[in-house]
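Asker: predicted model and sequence follow; I will ask about them next.
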Amino acid sequence: MMLALAVLVFVGCKGKDKKNDATSHLTEYEQGLTADDSIQLVAVVDNFFALVENNQVDLAVSTLFRVNPDNPYAEPIPLTNEEMQEIKKVFEVFPIFGHRIDYIKFYESYLNEVKVSAIFREAKDGMPEGTTTYYFRAINYVGQWVLCAMNTWTGDDEPLVRDEDKDSLTDKFQRDKQHLDSVVYEATKDLVGTANGPKPEDAESPKQ
């Protein structure tokens, strides 16, 4: 699998100690987060891939940033045209039609990892599903989650999470995802009902 071409990673701190310390345990930063953070980040990743899967690669790539090299807490910097072109080539050479988030590991506001399996071939005729892996690092800037991308040819492609932790994080995310989905459902069901108009029992009887 041409991982070197397929992987996008979000820029984060390059300190080796922090990367080596990243495990499946909760970090101090993660303990301060809420379900809303997970829901928002899942939505950002899903929206990015939805654009890619609907052949809106230009728009998808335009939503990516890079971390400010002088201050990781500062406003993320938009990618240059050259950087966007390089990333677009990846999705043009390897088009995908589906994806799933394998795990999210929160570590620090400017250093969080998402692993995504992108589907380029469905399972059929005895052939297994074909997927390629994308690693992302996400930044929470002034309360909003953004995707900050760096390409593998820069050398910034070392995952934050150690290999031995990936499976456990994937299992945990799948369990947590059910809870997140229920939270989203409870928060939006009334809005959906309102958008569809009053329920039959709530509607006014027609005047005679």
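Answerer: That came through fine.

Asker: other SSEs contacting the helix ranked longest in the chain?
Answerer: Looking across the chain with DSSP state H, the single longest helix is helix 163-195. Under the contact definition 3 or more C-beta pairs under 8 Å, 6 or more residues apart in numbering; DSSP states H and E, helix 163-195 sits against helix 35-53, strand 98-108, strand 111-121. Bear in mind the C-beta positions are built from the backbone N, C-alpha and C, glycine included.

Asker: need the ones you listed in TSV with mean neighbour count, mean pLDDT and distance to residue 67, can you?
Answerer: Output for the helices and strands packed on helix 163-195, formatted as TSV (neighbours: other C-beta atoms under 10 Å; pLDDT from 0 to 100; distance: least, C-beta to C-beta, whole Å):
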stretch	mean neighbour count	mean pLDDT	distance to residue 67
helix 35-53	17	95	16
strand 98-108	20	94	11
strand 111-121	20	91	9
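
Asker: got JSON lines for these, with distance to residue 65 too?
Answerer: Converted to JSON lines, the helices and strands packed on helix 163-195 look like this (distance: least, C-beta to C-beta, whole Å):
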{"stretch": "helix 35-53", "distance to residue 65": "11"}
{"stretch": "strand 98-108", "distance to residue 65": "17"}
{"stretch": "strand 111-121", "distance to residue 65": "14"}
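
Asker: centre-most residue in the protein?
Answerer: residue 45 (3.1 Å; C-alpha atoms, centre = their mean).

Asker: show me how far the longest helix of the chain is from its chain's centre.
Answerer: Its chain's C-alpha centre and that of helix 163-195 lie 13 Å apart, by C-alpha atoms, centre = their mean, to the nearest Å.

Asker: measure how it sits relative to helix 35-53, angle-wise.
Answerer: Interaxial angle, helix 163-195 versus helix 35-53 (axes from the mean of the first three to the mean of the last three C-alpha atoms, to 10 degrees): 90 degrees.

Asker: quick one: buried residues of helix 163-195?
Answerer: By neighbour count on 16 or more other C-beta atoms under 10 Å, the buried set for helix 163-195 is 165-166, 169, 173, 177.

Asker: let me have these in a markdown table, adding pLDDT as columns.
Answerer: Shown next, in a markdown table, are the buried residues of helix 163-195 (pLDDT from 0 to 100):
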| residue | pLDDT |
| --- | --- |
| 165 | 90 |
| 166 | 91 |
| 169 | 91 |
| 173 | 91 |
| 177 | 86 |
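
Asker: my read is residue 136 is in a strand, agree?
Answerer: Yes. Assignment of residue 136 by DSSP: H, G, I helix; E, B strand; the rest coil places it within a strand.

Asker: which residue is the nearest non-sequential neighbour of it?
Answerer: residue 114 (4.1 Å; C-beta to C-beta, 6 or more residues apart in numbering).

Asker: so, low pLDDT: which residues of the protein?
Answerer: Low-confidence segments of the chain, defined by pLDDT under 70: 1-24, 150-158, 190-208.

Asker: let's see 80
Answerer: Applying pLDDT under 80 to the chain picks out residues 1-26, 149-159, 187-208.
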